[in-house]
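Chemist: Got a predicted model here, sequence first, then my questions.
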Amino acid sequence: MAEQIRVPKGLAGVAVTETSISKSDPSGQLIYRGYPIEVLAEKSNFEEVAFLILKGYLPKKYELEEFSSKLQREMRLDERIYTLMKLFPPNSDPMDVIRTAVSFIGSLERKDSLESKQISIAAKLAVIVPNSHRALLNHEFVKPREDLSYAENMLYMLTSKIPEKEDAWIFERELIFYMEHDLNASSFTVRVVASTLSDPYSSVTAGLAALKGPLHGGANEEVMEYILRLRPEDAENFVREELKAGRKIMGFGHRVYKKFDPRAVLSKKYLELLARKKRDGERIYKVCDMLEKAVWALKQIPPNLDFYAAPIFYLLGIPVSLNTPIFASSRVFGWLAHYSEQLEENKLFRPDAIYVGKKDLKYIPIETR
């Protein structure tokens with residue numbers, strides 16, 4: 001038996017595999033397949049970045065057009081999926097609806113190639129996410145339009161309105177930021193399932209289950225809850241009270257970024273643009289700005305992506321309960337890239353555990369216990 005190696009809890013700082021998909025750095029750098037996130041945010045679009053993440057290179061024009069067309073075609077859902085979503089109780093978490101629907105897709109489809117399965121999962125998730133909310137409210141489903149891009153279609157289905165160009169552009173940046181980020185909890189979960197040679201439907205279902213947890217994907221919803229109840233002048237006192245009580249301020253801090261999260265820096269600029277033209281936008285922006293300054297002054301902890309993505313989604317008219325599902329609709333491309341990468345040089349994940357329980361207990365028959 002191989003010698004056991006003790007590692008930190010949570011595997012902090014432990015490299016368990018190699019990847020060429022993305023990398024973040026404590027100094028505040030994030031790259032996707034070698035490209036800085038700032039460059040992709042300024043010059044690219046969602047479909048192009050999704051292609052980059054999945055394929056490993058930027059597409060030629062005809063490749064991007066073909067990829068975008070495939071995504072558009074695969075957005076059509078089997079009517080049985082809509083029927084399934086209606087079965088959930090009204091108080092269900094949308095993530096439960098989404099997770100179950102993705103698992104169901106795996107039972108319905110008989111696609112041959114891995115690529116066709118991956119594009120199908122990613123495209124259909126963009127339709128399932130906004131309609132999961134409608135299913136729980138017993139509202140009529142909204143289906144995608146052929147004249148809209150991926151991000152425009154999602155925003156349209158989320159709000160039931162054709163989005164303004166600037167709104168769709170800002171929303172698209174946030175989707176790009178959520179698409180991939182190292183070996184996070186859900187991506188690692190996807191790789192563990194992939195290492196068993198299970199199918200991508202099962203792996204993405206597992207990723208969704210991991211993302212539901214409040215320590216991973218649920219933070220953006222909690223962020224919006226406290227932003228909405230605060231005034232700018234209340235921000236510093238709120239931070240002091242939370243810190244005094246020993247509570248974590250959701251939306252601040254990151255396992256990697258210690259100085260700043262580059263996605264949060266960019267998102268703050270987009271929030272400021274959005275706030276100028278949206279109702280209650282100026283107040284929300286000021287609350288965020290004051291909270292950021294207070295947390296940095298008292299603890300030197302920077303905001304993360306969730307802190308600024310949450311108010312952006314809110315000002316775009318998106319229900320708060322769909323913040324984490326939106327995260328999933330973009331991160332699915334990262335999950336699928338990790339799935340493929342895991343299979344390239346696969347080794348089953350099978351770590352060991354140090355047993356600390358009792359030994360050699362004497363069994364006592366039930367009659368005499």
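Modeler: Received, thanks.
Chemist: Output the below-cut-off pLDDT ranges for the protein.
Modeler: Along the chain, the parts satisfying pLDDT under 70 run over 1-2.
Chemist: can you count the residues close to the closest residue to His254 other than its chain neighbours?
Modeler: In this structure, His254 finds its nearest non-sequential neighbour in Asn304, 4.8 Å apart by Cβ to Cβ, 6 or more residues apart in numbering. In short, each C-beta sits where N, CA and C put it, glycine included. The number of residues packed near Asn304 is 24, by other Cβ atoms under 10 Å.
Chemist: give me every residue that touches Asn304.
Modeler: The contact partners of Asn304, taken as Cβ atoms under 8 Å, 6 or more residues apart in numbering, are Ala219, Gly251, Phe252, Gly253, His254, Tyr257, Asp261, Arg263, Ala264.
Chemist: okay but His216 is in contact with Ala185, surely?
Modeler: Yes - assessed by Cβ atoms under 8 Å, His216 is found in contact with Ala185 at 4.7 Å.
Chemist: Find residues that contact each of these two.
Modeler: Ala210.
Chemist: Name the residues of whichever strand or helix holds Leu84 that are buried.
Modeler: Assessed by DSSP states H and E, Leu84 sits inside helix 79-85. Residues of helix 79-85 classed as buried: Ile81, Tyr82, Leu84, Met85 (neighbour count, 16 or more other Cβ atoms under 10 Å).
Chemist: any residues touching it, and which ones?
Modeler: Applying Cβ under 8 Å, 6+ apart, the external contacts of helix 79-85 come out as Val97, Thr100, Ala101, Phe104, Ile105, Leu108, Lys124, Ile128, Asn131, Ser132, Ala135, Phe141.
Chemist: the longest helix in the chain is where?
Modeler: Across the chain, the longest stretch assigned as helix under DSSP state H is helix 114-137.
Chemist: other SSEs contacting it?
Modeler: helix 61-74, helix 79-85, helix 94-108, helix 150-159, helix 200-211, helix 323-344 (3 or more Cβ pairs under 8 Å, 6 or more residues apart in numbering; DSSP states H and E).
Chemist: rerun at 10 Å
Modeler: For helix 114-137, the packing partners by 3 or more Cβ pairs under 10 Å, 6 or more residues apart in numbering; DSSP states H and E come out as helix 46-55, helix 61-74, helix 79-85, helix 94-108, helix 150-159, helix 200-211, helix 323-344.
Chemist: Name the SS class of Leu58, please.
Modeler: coil (DSSP: H, G, I helix; E, B strand; the rest coil).
Chemist: Next, count neighbours for the closest residue to it other than its chain neighbours.
Modeler: Leaving aside its sequence neighbours, Leu58 sits nearest to Leu52 (Cβ to Cβ, 6+ apart; 5.6 Å). Counted by other Cβ under 10 Å, the residues lying close to Leu52 total 23.
Chemist: got the contact list for Leu52?
Modeler: Applying Cβ atoms under 10 Å, 6 or more residues apart in numbering to Leu52 gives the contacts 21, 32-35, 40, 44, 58-59, 179-180, 333, 337.
Chemist: With Ala219 instead?
Modeler: 213, 248, 250-253, 304-307, 309-310, 323-324, 327.
Chemist: So which of those sit within strands?
Modeler: Among the contacts of Ala219, no residue falls in strands (DSSP state E).
Chemist: Alright, I will stop here.
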